[in-house]
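Novice: okay, sequence plus prediction incoming.
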Amino acid sequence: MDFSFSEIQSEFRSNLRRFLTERGAHSGKAEPREMARRWRGPLWTALAELGTFAALLPEAFDGLGGDSIDALAILDEIGRAGASPPVIETAVIAAGLLDRLGTAAQKEAMLPAIAAGALKFAFADGDILAPGNTEPSFKLTMRDDGRTRLEGRQDVVAEAPDCDHLLILCGGPGPGLTLFCLKPDYPGIQLRPFWTMDDRPAARVTLEGVALDASARIGGLGAADEAVTDMLDLAVVAQCAEACGVMASLLNQTIAHLKTRTQFGQPLANFQALQHRLVDMYAAYELSLSLTYKAAILCKRPGTPERRAAVSGAKVQAADAARLIGHEAIQMHGAMGMSLELPVGRAVKRLKAMEPQFGSSAYHLRRYRALSRGRAA
Amino acid sequence: MELTLSPEELAFKAEVRAFLQAQLKPEWRGVSDIDNRPRPDIVAQWQAALAAKGWLTAAWPTAHGGLGWTPMQHHIFKEECSKSRAPKIPNMAIGMVGPLICAFGTPAQQEYYLPRIIGGADIWCQGFSEPGAGSDLASLKTAARRDGEEYVVSGQKIWTTYAHVATKMFCLVRSDPQAARPQAGISMLLIDMKLPGITVRPIHTIDGEHHFNEVFFDEVRVPVSCRLGGEHKGWDVARALLAFERSGIADVVATRQVLHDVATIAAAEPRGNATLAEDDDFANRLARLEIALDSLEILELRVMEAAARGAARDYDASILKILGSELKQKIHALGIEALGPLGAVWPDDDAPAHPSGAGRHLVVDALFYRAGSIFGGANEIQRNIVAKSLLKSAAEV
């Protein structure tokens, strides 16, 4: 039983923390969308130089062979700092899928580039995890000319406007999921860009008669299911870690505010009504962090029902904790909590924007129920 | 990070399991399933088996029979006992007054009391709460006037669990009414319940049981040799109790059993052509509670592991107590709801029982366990402790 980080992980973590603090995640006065551009430009390169992406990539491709615990440590720090580099899309999902499914040539072309910070990915999963969906909204059809074509639409694809490659998950014509990797300006792909509430780029992705050849395919036809499930599990863990980091930051900000803000001649920290609510926020955070740890540890090994239950449980617990902590943090900051100038509101928006990504609470609650060991039914 | 046990811990777990397999008679299993209904006959036999193995006093100081187990060993032992539904060992004797006597007792007190505690010669009760001193324990008024080599004790204790069967009480009394701070005038006495002047009156609780009592002291003469710790130093003795135990506070294994019972009830409860277990709303609520329990299970392990590394925090036990008790209460409440109309029925022998067979005691357990967020330091006090630490500490979360 060990819940500590290795010496190497701790050292990397404190380097990353120092970098994130110095490069001014939320200390800077930059406008949030300008910050988003920086995190995808010069700061992305700086993160790569620090070894952030290499940490998560296999050793054969310039990586350090890190695992889910490294992902947890990195995303926790990013969450604490309120920074917005799209690490999960590129270094967790894309790198993981390419490594699992790609040909040697595909891996050689892309994995070292990811480690070096030269590539960014978006993952259009066709809303495969939206409640009620059984297959992606992107469909592969076989034409008479023998070439395959991709059709379909997804309303919200995070990071699509800014990516070098779009990973597209599609169904058909036979059973199973198939993965393609295309440049976003590939003929037939239309992007309608917009911003998410937490000031990240996203786009509606529409595919019309996208003609494909085999070189764009990552893995066999209909052969991506297992890898996608595993990578989405890891993405959920990484996201929960980021959420825990954001929640820790909200707790620290709220504690600092209660200690310094004076009303009725005394600090707010003296009021028991607020003290007890702070404890409930903290307890929710500890619960969420605990299940995230379990899910991260189980993600070091191949998928088992226990692992999938822990991952889904972690997502549900994180979403519940995020709502409680986020809403209470705003409330306890009073009107100041509503101000765009304070990091509190931005952190709460980040938590809210995470909720539907990689499967909502509702999706994961359903998946957890199907896997639960405690039920008699 | 790893969730696996070390080879030594796995070997220990196997040893505990083998012991339970060999020593725990089938008819003893489950006698403590219903909270707080003592079966002294069975408990005494189980206690003797544990004492023979040396495990009864594993948590005591090594000089007095303790085994120096790691926090994880304590956790494994408690978890395995709970999983095999072993009788609960009387906590007030083994978990509380025993370690206090080890830490604060005179050699004569240790020689007299410790073998009696290990041998189960006494049933102990805890005389802390008074009508005017609950959460504000330091305001207690039961007076102990020094008269030569005796204290003359007068006053009243309340909510005293087992006082009606107890032979001994560890009791906080006010020995110095003039002390500058209320905490400074308190002593702890080990009182023989057969002394003249002691009257015990039952308090019946909403679960229909008799756990609690009022205890009246009318000029009870207690020898000074029965004082544990220094005169007027009783508050320090009582505070030491807080440091003894971190393992088992969240009671995850027992709560998982309650959750399983609720699921069993729901699976046998018809809803149209299906069962309540298949009802989306109900299943979602049950799953959320199970997820919270999964989280709590890991949090408890994290606390154990941190304690083993010397990284325990002073409020860890409070967090586990708050979360553990309130989660169990929520699961009880969902269970009562699952029982439908039978959730309103008092489970007398001739009353209708739920077809699952799992509902029989849920009603009384749920009623009894409203006390879970009150005893052992009300959850409001626990929240005060955590808040104080969070707001005083300079360390960030």
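Specialist: Everything's here; your move. Residues are numbered from 1 along each chain as shown, chains lettered A, B, ... in the order given.

Novice: low-confidence ranges in the stretch 1-150 of chain A?
Specialist: A:24-29 (pLDDT under 70).

Novice: now do the strands in it.
Specialist: A:121-124, A:138-142, A:148-158 (DSSP state E, counting those that start in this stretch).

Novice: ok, now how distant is residue A:183 from chain B?
Specialist: 38 Å (CB to the nearest CB, to the nearest Å). Bear in mind the C-beta positions are built from the backbone N, C-alpha and C, glycine included.

Novice: residue A:323 too?
Specialist: Distance of residue A:323 to chain B, computed by CB to the nearest CB: 13 Å.

Novice: for stretch A:191-203, give me every contacting residue.
Specialist: Contact with stretch A:191-203 is made by A:32-33, A:35-36, A:40, A:84, A:86, A:156-162, A:184, A:204-206, A:346, A:349-350, A:352-353, as judged by CB atoms under 8 Å, 6 or more residues apart in numbering or on different chains.

Novice: tell me which of the residues you listed fall in helices.
Specialist: If you go by DSSP state H, the contacts of stretch A:191-203 have A:32-33, A:35-36, A:346, A:349-350, A:352-353 in helices.

Novice: and whichever residue of the stretch 51-200 of chain B sits closest to chain A, which helix or strand is it part of?
Specialist: At 6.0 Å from chain A, residue B:72 is the closest residue in the stretch 51-200 of chain B, using CB to the nearest CB. According to DSSP states H and E, residue B:72 maps onto helix B:71-83.

Novice: output that helix as CSV, restricted to C-alpha atoms.
Specialist: The C-alpha trace of helix B:71-83 is given here as CSV (Å, rounded to 0.1, in the frame of the first residue of the first chain):
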residue,chain,number,x,y,z
PRO,B,71,-1.4,0.9,11.2
MET,B,72,-2.0,-1.3,8.2
GLN,B,73,-1.8,-4.5,10.3
HIS,B,74,-4.5,-3.0,12.6
HIS,B,75,-6.5,-2.2,9.6
ILE,B,76,-6.2,-5.6,8.1
PHE,B,77,-7.1,-7.3,11.4
LYS,B,78,-10.2,-5.1,11.9
GLU,B,79,-11.3,-5.6,8.3
GLU,B,80,-11.0,-9.3,8.4
CYS,B,81,-12.8,-9.5,11.7
SER,B,82,-15.6,-7.4,10.3
LYS,B,83,-15.8,-9.4,7.1
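
Novice: buried stuff in that helix?
Specialist: By neighbour count on 16 or more other CB atoms under 10 Å in any protein chain shown, the buried set for helix B:71-83 is B:71-82.

Novice: ok, now stretch A:321-330?
Specialist: Under 16+ other CB under 10 Å, the buried positions of stretch A:321-330 are A:321-326, A:328-330.

Novice: same question for residue B:172, what's its three-state structure.
Specialist: At residue B:172 the chain is in strand, as set by DSSP: H, G, I helix; E, B strand; the rest coil.

Novice: any idea how far the nearest residue to residue A:199 once chain neighbours are set aside lies from residue A:17?
Specialist: In this structure, residue A:199 finds its nearest non-sequential neighbour in residue A:32, 3.9 Å apart by CB to CB, 6 or more residues apart in numbering or on different chains. With distances taken as CB to CB, to the nearest Å, residue A:32 is found 21 Å from residue A:17.

Novice: which parts of the stretch 51-200 of chain A sit against chain B?
Specialist: residue A:69 (CB under 8 Å from any CB of the partner chain).

Novice: apart from its neighbours in sequence, what residue is nearest the residue in the stretch 51-200 of chain A positioned nearest to chain B?
Specialist: Closest to chain B within the stretch 51-200 of chain A is residue A:69: 5.0 Å, counting by CB to the nearest CB. Once flanking residues are discounted, residue A:69 sits nearest to residue B:1: 5.0 Å by CB to CB, 6+ apart.
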